[in-house]
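[1] Can you look at this prediction? I've put the sequence above it.
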Amino acid sequence: MPEPKQERAQKTREEILRAAAEVFDERGYSGAGMREIMNRAGVTLGAVYFHFPNKEALALAVMRAQPASIVPALKSQGLQRLVDITFVWAHKLQTDPMLRAGVRLTSEQTGFGLDDATPYREWSRIMEECLADGRARGDVRPDVDVRTLAEFIVSACTGLQAYSLLASGREDLPERTRAMWRLLMPAIATGNAADSIDVSEAREAAVNA
């Protein structure tokens, strides 16, 4: 049976987005060309422009795709889910061009005329939801401002990956992420949760298996 037109269009869009991410990851925004993205995706230039009117639109789509590569795959809840999100994030920044390109473009965007905080806000929203769920489960201390903490964790992770990129090409990012949680957990978790929330290397390996 022939593939429905709508499904083909969605598949083509995803192929273009993945190719764009690879090129943006390798060359940055200024070094990426629409024709190279076209060739990498194996589509026509017309197909690229049908889905994305210009390179800026492609960059925005890659920037905003970051959570989709991590969050849906996790089954944990509450504070443990938040920890797991950061563990998968740290691992995928070593291996996934889509996430790496999204982070690179978000950091470099003012250099090519964008001012879009949407990726940071979306991460903050997801993390705030995890913290609110953690509070409802009795894992997060009642005196913790979950919105402020979510924004802080986004800022901390942004700094962690930038430092790790320069220091080790992100090889030490998982360890830096675990260290962040070892420092934060006593201040944000209730007594029982401080012992039950797993921030170990074994947990990181398990969620990335």
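    Received the coordinates, thanks.

[2] now the helices for this protein?
    5-31, 34-41, 45-51, 55-64, 78-95, 97-108, 118-136, 146-168, 173-188, 191-196, 201-207 (DSSP state H).

[3] of all those, which lies closest to residue 70?
    Closest of the helices of the chain to residue 70 is helix 78-95, at 4.8 Å (criterion: Cβ to Cβ). No exception for glycine: its C-beta is placed from N, CA and C like everyone else's.

[4] what angle sits between that closest one and helix 118-136?
    If you take axes from the mean of the first three to the mean of the last three Cα atoms, to 10 degrees, helix 78-95 sits at 150 degrees to helix 118-136.

[5] Which residues belonging to helix 78-95 are considered buried?
    Neighbour-count burial for helix 78-95, with 16 or more other Cβ atoms under 10 Å as criterion, is recorded at 78-93.

[6] try stretch 169-176
    Neighbour-count burial for stretch 169-176 [16+ other Cβ under 10 Å]: 170, 173, 174, 176.

[7] I figured the last one hits residue 162, correct?
    So the one you mean is residue 176. No - between residue 176 and residue 162 there is no contact under Cβ atoms under 8 Å: 10.8 Å.

[8] and stretch 51-68, average pLDDT?
    Per-region confidence: stretch 51-68 scores 92 on mean pLDDT.

[9] Give me the contact list for it.
    Residues outside stretch 51-68 that contact it (Cβ atoms under 8 Å, 6 or more residues apart in numbering): 9, 12-13, 16-17, 20-21, 24, 29, 32, 34, 37, 48, 98-99, 101-103, 105-106, 109, 112-114, 116, 118-119, 122-123, 126.

[10] Would you mind checking those residues for buried ones?
    Here, 16+ other Cβ under 10 Å leaves 12-13, 16-17, 20-21, 24, 29, 32, 34, 37, 48, 98-99, 101-103, 105-106, 109, 116, 119, 122-123, 126 buried among those.
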